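Trainee: Please find the sequence and the predicted model below.
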Amino acid sequence: MVSIPGRRAKLRHRLPGALLLAVLLTACANEQSTPAAKEPSDPNDPDAVFSAEARAALAALSPATLPAPPPDISNRLADDPKAAAFGQTLFFDASFSGKLLDGDNDGSVNALGQKGESGKVACAGCHLPASGFIDTRTIQQQTSLAAGWGKRRAPSLLDVGQSKLLMWDGRRDAMYNQIFGVIESPVEMNGSRLFAARQVFAEHRAGYEELFGSMPPLDDTSRFPALDAELTGCQKLDATNACPQPMRGAPGDGAEYDGMKPEDQRAVTQVIVNVGKALGAYERLLTCGPSRFDQWVHGDASALTKSEQRGAALFVGTGHCTDCHGGPYFSDEKFHNVGLKPGTVATVFLDLNDHGAATAMPLLRADALNVQGAFSDGDDGRIPTDDAPEFEGGFRTPKLRCASLRPSFMHTGQLRDLASVVAFFDRGGDLAGYPGTNEIKPLGLTDRDRADLVAFLEALAGPGPNAELLAPP
Ligand code: HEC
Ligand code: HEC
């Protein structure tokens with residue numbers, strides 16, 4: 001049984017008068033039936049049955065207080081409120097973005113503007129605050145259309161502060177370096193660190209200098225060449241949605257960036273790293289928050305319907321979901337191959353050969369911007385030193401609080417509702433999935449079991465962040 005005494009003391013603080021752990025405690029005495037089930041159970045809507053192991057597993061998913069993000073020693077400003085406020089401003093700022101390149105940018109509500117326009121892509125353009133920081137804007141609601149079409153779905157940023165490795169494949173290990181991928185991707189912002197650093201100088205100098213001290217003289221074009229939004233990044237995508245030329249203003253451009261002195265290149269990179277540290281401080285504040293499931297674990301027996309309770313029992317029992325979706329945020333933060341078959345997303349895209357973490361880990365280890373490098377404020381050993389078999393075709397286990405807000409699921413967005421996700425795990429994944437070995441075994445669930453699991457997943461929705469975090473400060 002769960003470690004009641006310590007938990008109880010804490011809970012009394014938070015939930016005065018609540019039936020403390022009544023659900024867990026009462027039924028503890030009788031493992032096979034639910035609390036005081038005097039009336040015969042409705043055969044069409046039976047009471048949930050919990051083993052002692054199931055109760056302990058459910059308690060582990062819902063500690064008395066949901067833990068705050070663990071310290072991020074790579075970012076000395078991670079918990080600085082001023083940095084978070086500056087990061088919040090930047091999150092909504094589209095002025096770091098270059099030209100929109102794809103013909104689907106037709107100015108409709110699903111696109112961020114017209115092809116050829118610049119200054120249209122902000123973080124908030126794909127992580128929509130009002131939608132739980134996911135993309136509910138792009139047509140199809142699977143992968144995002146920004147400067148061009150991406151190949152993976154934008155994950156929610158709620159509770160992202162719990163994760164040390166980022167991205168579906170773990171390619172990034174800190175918020176401060178994650179943003180380079182956004183700024184210097186031809187299909188996301190289609191900008192560059194040189195262009196973005198000059199924009200910070202022009203538009204946010206005071207806010208930046210208050211946190212990080214004086215900026216380099218980015219208006220000195222003899223040291224930091226001028227590069228406008230028209231010319232930065234990529235001019236034209238090829239048939240695979242990649243940029244055939246180097247990104248202008250980024251390392252390897254053979255032009256403005258490469259022509260700068262090494263110390264000036266470093267100064268430019270440092271500006272973007274600092275911007276990323278401020279953004280990281282903001283992102284750490286974003287959380288889904290406690291759900292009806294938590295109320296139920298902590299004693300409110302009526303907070304979950306019978307179906308949701310049966311789903312809870314399945315989630316930690318027959319469903320084996322907690323093998324990977326364990327802990328208070330429902331993720332082990334590890335990589336797994338679940339045998340997903342590449343599917344067509346956003347009407348035309350089919351990413352056939354995604355090796356997931358197996359491709360990402362060598363890139364992360366070699367990245368000069370990683371937490372072991374000079375731009376980090378500390379390294380806590382978060383980069384895996386050895387490759388594991390499940391890296392091959394492996395993706396990071398998504399957190400599941402607030403998952404029911406997502407308009408599509410899996411790293412591609414190819415499954416359109418939670419019922420499809422549960423059916424996917426029930427059948428043991430797909431035949432001929434991504435490269436690697438599928439870890440999922442068929443579950444043999446009934447129709448009702450599957451519906452119960454969906455109901456349980458929906459009961460994990462929380463209130464989301466405070467309203468003042470959902471718009472520029
Ligand atoms: C074009 C849409 C788009 C824009 C704009 C965008 N993102 Fe993302 N974001 C994504 C996608 C897609 C992923 C996942 C990519 C992958 O795993 O390969 C992602 C991943 C992330 C992650 C990792 C989350 C996790 O759980 O692994 C963070 C953090 C993040 N973005 C923050 C930002 C910030 C900060 C900005 C602005 C600087 C931004 N994003 C702009 C689409 C976008
Ligand atoms: C072996 C580890 C593992 C097990 C077991 C597992 N999952 Fe997952 N789950 C994952 C991974 C990894 C993904 C992401 C896969 C991808 O995007 O390619 C995922 C994706 C999901 C998603 C989609 C979330 C999103 O944002 O796209 C849901 C919902 C989910 N799992 C629920 C469940 C449920 C319910 C069970 C039990 C029936 C379960 N999972 C069992 C690892 C696992």
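Mentor: Received it, and whenever you're ready, just let me know what you need. Ligands and ions are numbered 1, 2, ... in the order given.

Trainee: for T437, helix, strand, or coil?
Mentor: State at T437, reduced to three classes by DSSP: H, G, I helix; E, B strand; the rest coil: coil.

Trainee: so for stretch 172-186, what's the average pLDDT?
Mentor: The predicted model assigns stretch 172-186 a mean pLDDT of 98.

Trainee: mind listing what's buried in it?
Mentor: Residues of stretch 172-186 classed as buried under the neighbour-count rule (16 or more other CB atoms under 10 Å) are 172-180, 182-186. The way it works is simple: take the backbone N, C-alpha and C, and place the C-beta from them, glycine included.

Trainee: is ligand 1 contacted by it?
Mentor: Yes - counting by CB under 6 Å from any ligand atom, contacts between stretch 172-186 and ligand 1 involve 175, 178-179, 182.

Trainee: and what of stretch 119-139?
Mentor: Yes - using CB under 6 Å from any ligand atom, stretch 119-139 reaches ligand 1 at 121, 123, 125-127.

Trainee: quick one: which of the residues you listed is nearest to L369?
Mentor: For L369, the nearest member of the residues of stretch 119-139 next to ligand 1 is C123. The distance, counting by CB to CB, is 18.0 Å.

Trainee: Could you find the closest non-adjacent residue to V271?
Mentor: Computed as CB to CB, 6 or more residues apart in numbering, the closest residue to V271 that is not its neighbour in sequence is A197, at 4.1 Å.

Trainee: count of residues packed around the one you found?
Mentor: Summarising burial for A197: neighbours were counted as other CB atoms under 10 Å, giving 26.

Trainee: now the one 4 residues further on
Mentor: Counted by other CB under 10 Å, the residues lying close to F201 total 18.

Trainee: What are the phi and psi values at it?
Mentor: The main-chain torsion angles of F201 are listed as degrees, to the nearest 10 and equal phi -60, psi -40.

Trainee: List the contacts of the strand or helix carrying the residue nearest to V271.
Mentor: For A197, the element it lies in under DSSP states H and E is helix 193-212. Contacts of helix 193-212 from elsewhere in the structure, counted by CB atoms under 8 Å, 6 or more residues apart in numbering, are 77, 80, 82-83, 86, 89-90, 93, 95-96, 98, 180, 183-184, 189, 215, 218-219, 224-229, 232-233, 249-250, 256-257, 260, 268-269, 271-272, 274-275, 278.

Trainee: What ranges does this structure have for its helices?
Mentor: 4-14, 22-28, 52-61, 81-91, 175-183, 193-212, 262-283, 292-297, 306-316, 357-366, 418-426, 447-458 (DSSP state H).

Trainee: Please report how far the residue nearest to V271 lies from ligand 2.
Mentor: Separation of A197 from ligand 2 (CB to the nearest ligand atom, to the nearest Å) stands at 33 Å.

Trainee: so how far is T269 from that residue?
Mentor: Taking CB to CB, to the nearest Å as the measure, A197 falls 8 Å from T269.

Trainee: What of H411?
Mentor: In this structure, H411 lies at 28 Å from T269, with CB to CB as the measure.

Trainee: again with C321
Mentor: Following CB to CB, the distance that separates C321 from T269 is 41 Å.

Trainee: about what we covered before: could you flag which of the contacts of helix 193-212 are buried?
Mentor: Among the contacts of helix 193-212, those buried by neighbour count (16+ other CB under 10 Å) are 77, 80, 83, 86, 89-90, 93, 95-96, 98, 180, 183-184, 189, 215, 218, 224-225, 227, 229, 232-233, 249-250, 256-257, 260, 268-269, 271-272, 274-275, 278.
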